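> test case, fold it:
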Amino acid sequence: MPIQCAIDLLNAIDDNKTLRKQMYGCESNDALMEFLKKEGYTFTVDEFEESVRALHVKCQTLEAAQELLHKADWLRFLLTMN
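Okay, the predicted model is just below:
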């Protein structure tokens, strides 16, 4: 399920520093999406936003919500780069 893939990616970037470095190394949005697809994270931008909303409503503290939204903003930046 693509929304679960986006959720898995949001969780994985905390634990996997190599993944973050590889994502930074992608030179374009297309390259990033291709890399994520090869890593098993297949989703659209709309599905990503849905996953953020799904996780946001489950946050039990302000800090958890801020951390989630910080990660989401970082991923939005990467997903919209040219």
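
> count the neighbours of residue 73 for me.
Residue 73: 10 surrounding residues under other C-beta atoms under 10 Å. In this view, the C-beta of every residue, glycine as well, is placed from N, C-alpha and C.

> for residue 40, see how far away it is.
According to C-beta to C-beta, to the nearest Å, residue 73 and residue 40 sit 23 Å apart.

> could you do residue 60 as well?
Residue 60 is 28 Å from residue 40, by C-beta to C-beta.

> those two: who's more crowded?
Comparing residue 60 with residue 40 by neighbour count (other C-beta under 10 Å), the higher total belongs to residue 40, at 10 against 7.

> just the pLDDT for that one.
Here, the pLDDT recorded for residue 40 equals 94.

> tell me who's in contact with it.
By C-beta atoms under 8 Å, 6 or more residues apart in numbering, residue 40 lies in contact with 5, 8.

> please identify the helix or strand for it.
Using DSSP states H and E, residue 40 sits in no helix or strand.

> tabulate the CA atom coordinates of the lengthiest helix in the chain in CSV.
Scanning the chain for the helix with the most residues, using DSSP state H, yields helix 62-80. The C-alpha trace of helix 62-80 is given here as CSV (Å, rounded to 0.1, in the frame of the first residue of the first chain):
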residue,chain,number,x,y,z
LEU,A,62,3.4,18.6,20.7
GLU,A,63,7.1,17.5,20.4
ALA,A,64,6.1,14.4,18.4
ALA,A,65,3.9,16.4,16.1
GLN,A,66,6.7,19.0,15.5
GLU,A,67,9.2,16.2,14.8
LEU,A,68,6.9,14.6,12.3
LEU,A,69,6.2,17.9,10.5
HIS,A,70,9.9,18.7,10.5
LYS,A,71,10.6,15.4,8.7
ALA,A,72,7.7,15.9,6.4
ASP,A,73,9.0,19.4,5.4
TRP,A,74,12.4,17.9,4.7
LEU,A,75,10.9,15.3,2.5
ARG,A,76,8.7,17.8,0.7
PHE,A,77,11.8,19.9,0.0
LEU,A,78,13.5,16.8,-1.6
LEU,A,79,10.4,15.7,-3.4
THR,A,80,9.9,19.1,-5.1
